[in-house]
Structure formats: C-alpha cells, structure tokens
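Enquirer: Below is the sequence, then the predicted model.
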Amino acid sequence: MFTIKKISRGTLTATLMLFGLLLAGTSAHAGPMIDKIHFIIPGGAGGGWDGTARGTGEALTGSGLLGSGSYENMSGGGGGKAIGYMIENAASNHGTLMVNSTPIIIRSLVGRFPHNFRDLTPIAGVIGDYAALVVKADSDLKNFGDLVAIYKSNPADLAVAGGSVPGGMDHLVVAMAFKAAGADPNKVNYLPFDAGGKAMAALLSGEADALSTGLGEALELAKAGEIRILVSTAGERIAEAPDVSTLVEQGYDATFVNWRGFFAAPGLPADVRQAYIDILGAMYDKPEWEAVRKRNGWVNIYNPGDDFVKFLEAQEKVVGSLMKELGFL
C-alpha cells in the first residue's frame, strides 16, 4: 500500500524549482554550444574564400549567434595545404571550419592534391556566387565580344588572369565563355595566380587585360571605380548588379554559379557537426547576414549535412564531364 504524505507549500515550491532547474540544465546541455569558430581560408586576402569566411563570421558574431570568430589565411597548393592541415591536425581542429567551393572538386579531379571532400566532414554549403569577367575602369573593352575579337585576331594578344591554377575554376569559367563564342578554350592565354587578390593586382597593374573572378568580389571594387564588370555568368541580371549584363544577354550560351561552404576536420563528433549546421542555418534569418549577402551579391544556397554531400557527389560528376569535354582531364 502506498500512502501520500502531505507536503508543505514551501517544500513543494522548492521541489518544483529544483525539478525545473534540472530540466533546464538537461535542455541546455542536450548538444554542444558553439561559442567561437576559427576559420581557415585556403587562399590569400581579398579572394572569394576570404570574403565568405569573414562575411559569415561577421554575420554570426554581429547577430549574437557566435561569441567570437578568428581567421587564418593558409595559401598553398591551390588549397591543398589547408586541407592537409585539417586532416593532419584533425583531433585539435574540432573548433575549426575551413571555407571552400567548387575548386575542391576541380582540383581533386586533376590531382592537384591527393585529398577530396570525402576526407573532411562536410558541414554546409551557404552561398552561391556567379562568376564575372572584369577589366580596369579605364579600359577600352566594353563587353565580352571585345575580348573575343582580340582573341580571334591573335590569341597571344589577350591575357586573362584568374585566382586559380590552370584547369581551376577561374580558368574553367574563361574556357566555358570562350567555347560558347566558338573559340578553342585551350588557346586562351590564362594567367594563373594562387588567390583572387593577387589576380586582381595583376589586372590593375596592367599585366592582364581582363580578370576571371567572382561577381561578389568584383562588386565592391566596381563601386569604388577601380574596375568595370564586362559580363556575369548568371542566367539573368541580379538585383545587386542591375547594370551588369550576362553572357546569355550578350549572345553566348554559358552560365555558371560557384557554391561556397564549410568543412570541418575528419572524425568530428556527430553532435558537434549538427551544432555547426544549426548555427549556420539560423544565420539566414538575421539582418546582419542579409546585409553581408546583399553587399557581396551572393545568392542564398543552404545545403546542410547529408544534402551537401549528395550535392558534392553530383557536382563531381557534372564538372568532371565538362572538364573532359574542355580537354582539362
């Protein structure tokens, strides 16, 4: 037989308060909390990876979702140095996210480095950035057709810089555009640089006639009057760059969008991975993120967790097929 003893109101209140605190503690510690993130950037300052990592950190900290963010530029090997670092120091890198994009697919296909996205822990794709071909602000070149005209006169007279190795993404964009114009993409004089900032410097110094880069990277310099955007690879004009026409508009059937996202070290615990996914997902609802996105002309493309892996596997097949067609594989 069970008997119910009378409990005083004070005892009952204290018991309920204790129970509530226990529940609150259980909820608060249901998963790891992300208070700070160290962002590894596989290229130098001024490139698309740099802007994506710092812009994401800016939005996360500014909105209060993240306590603090730190950044480390780790150029080398077309991104291979940073990937190797993440793998070799996996156990101590659980507080680190590395930004990357389509080049992780391209460069692993061509054997630029021995690793691929499967050797890391894919977290999420966060944005899409269209490519652009740009010239100095005072250039006489007015559209993509002007570049094609120089090429057809003498391919050696046209130099197009890019922040990637031969066969890399910036080179691939150039090849796609010129192929759409009926040119031989393998005869385009492409000047490779290890980061977008260095490639931009080559354009501004006159070493290159044009530059293949991300549209988001180009917008700020265009607004400052340093460069002029000839054309973008978007399917149609975007609101953040209403004066920039597309290759399609100019009569060339070519479009391209470069995703950018984040990867963690291999062996990351599942609950920590989910915490990273959650904090990046929550960022999209914050005005601080919208300010960063709009400033850079990015497109919101949120591909979290396993969906991100499936996307990467599909892109690997599509890009591999295209690179074979263009003669890069």
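Expert: That came in fine, so what should we check first?

Enquirer: tell me the strands in this protein, going along the chain?
Expert: 36-41, 68-73, 96-101, 121-136, 159-162, 189-192, 210-214, 227-232, 257-264, 299-304 (DSSP state E).

Enquirer: With just CA atoms, put the last one into CSV.
Expert: The one in question is strand 299-304. Extracted in CSV, the C-alpha atoms of strand 299-304 (Å, rounded to 0.1, in the frame of the first residue of the first chain):
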residue,chain,number,x,y,z
VAL,A,299,22.7,34.0,-53.6
ASN,A,300,21.5,32.1,-50.6
ILE,A,301,22.1,28.4,-51.2
TYR,A,302,21.8,26.4,-47.9
ASN,A,303,22.8,22.8,-48.4
PRO,A,304,23.3,21.3,-44.9
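
Enquirer: From here on, call the first residue 8.
Expert: Let's use 8 as the start, then, which means that last one is strand 306-311.

Enquirer: Name the residues of it that are buried.
Expert: By neighbour count on 16 or more other C-beta atoms under 10 Å, the buried set for strand 306-311 is 306, 308, 309, 310, 311. No exception for glycine: its C-beta is placed from N, CA and C like everyone else's.

Enquirer: so how far is the longest helix belonging to the chain from its chain's centroid?
Expert: With DSSP state H setting the assignment, residue counts place helix 312-333 as the longest helix in the chain. Taking C-alpha atoms, centre = their mean, to the nearest Å, one finds helix 312-333 lying 15 Å from the centre of the chain it belongs to.

Enquirer: now stretch 141-154
Expert: 26 Å.

Enquirer: Would you work out how far apart the start and end of it are?
Expert: 11 Å (C-alpha to C-alpha, to the nearest Å).

Enquirer: Can you give me the buried ones in it?
Expert: Result for stretch 141-154 [16+ other C-beta under 10 Å]: buried residues 141, 142, 143, 146, 148, 150, 151, 153, 154.

Enquirer: does the fourth one really touch residue 235, like I thought?
Expert: Yes - using C-beta atoms under 8 Å, residue 146 is in contact with residue 235, at 6.6 Å.

Enquirer: Spatially central residue for this structure, please.
Expert: Nearest to the geometric centre of the chain sits residue 267, at 2.2 Å (C-alpha atoms, centre = their mean).

Enquirer: Look up how far residue 108 lies from it.
Expert: Distance of residue 267 to residue 108, given as C-beta to C-beta, to the nearest Å: 4 Å.

Enquirer: ditto for residue 138
Expert: On the measure of C-beta to C-beta, residue 138 and residue 108 end up 11 Å apart.

Enquirer: More neighbours: these two, which one.
Expert: residue 138 (31 against 22; other C-beta atoms under 10 Å).

Enquirer: That one pairs with what?
Expert: Judged by DSSP bridges, the bridge partners of residue 138 are residue 221.

Enquirer: export the longest helix of the chain as PDB, just CAs?
Expert: Taking C-alpha atoms only, helix 312-333 is exported to PDB below (Å, rounded to 0.1, in the frame of the first residue of the first chain):
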ATOM      1  CA  GLY A 312      24.800  18.000 -43.800                       C
ATOM      2  CA  ASP A 313      24.000  14.900 -45.900                       C
ATOM      3  CA  ASP A 314      22.300  17.100 -48.600                       C
ATOM      4  CA  PHE A 315      25.600  18.900 -49.000                       C
ATOM      5  CA  VAL A 316      27.400  15.500 -49.500                       C
ATOM      6  CA  LYS A 317      24.900  14.500 -52.200                       C
ATOM      7  CA  PHE A 318      25.300  17.800 -53.900                       C
ATOM      8  CA  LEU A 319      29.000  17.500 -53.900                       C
ATOM      9  CA  GLU A 320      28.800  14.000 -55.400                       C
ATOM     10  CA  ALA A 321      26.500  15.200 -58.200                       C
ATOM     11  CA  GLN A 322      28.800  18.200 -58.900                       C
ATOM     12  CA  GLU A 323      31.800  16.000 -59.100                       C
ATOM     13  CA  LYS A 324      30.200  14.000 -62.000                       C
ATOM     14  CA  VAL A 325      29.000  17.200 -63.900                       C
ATOM     15  CA  VAL A 326      32.200  19.100 -63.500                       C
ATOM     16  CA  GLY A 327      34.300  16.000 -64.400                       C
ATOM     17  CA  SER A 328      32.300  15.600 -67.600                       C
ATOM     18  CA  LEU A 329      32.700  19.200 -68.500                       C
ATOM     19  CA  MET A 330      36.400  19.200 -67.900                       C
ATOM     20  CA  LYS A 331      36.800  16.200 -70.100                       C
ATOM     21  CA  GLU A 332      34.900  18.000 -72.900                       C
ATOM     22  CA  LEU A 333      37.100  21.100 -72.500                       C
END
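
Enquirer: what residues does stretch 308-316 touch?
Expert: 124, 129-135, 266, 268, 280-281, 284, 287-288, 291, 318 (C-beta atoms under 8 Å, 6 or more residues apart in numbering).

Enquirer: Quick one: neighbours of residue 62, just the number.
Expert: When neighbours are counted by other C-beta under 10 Å, residue 62 comes out with 23.
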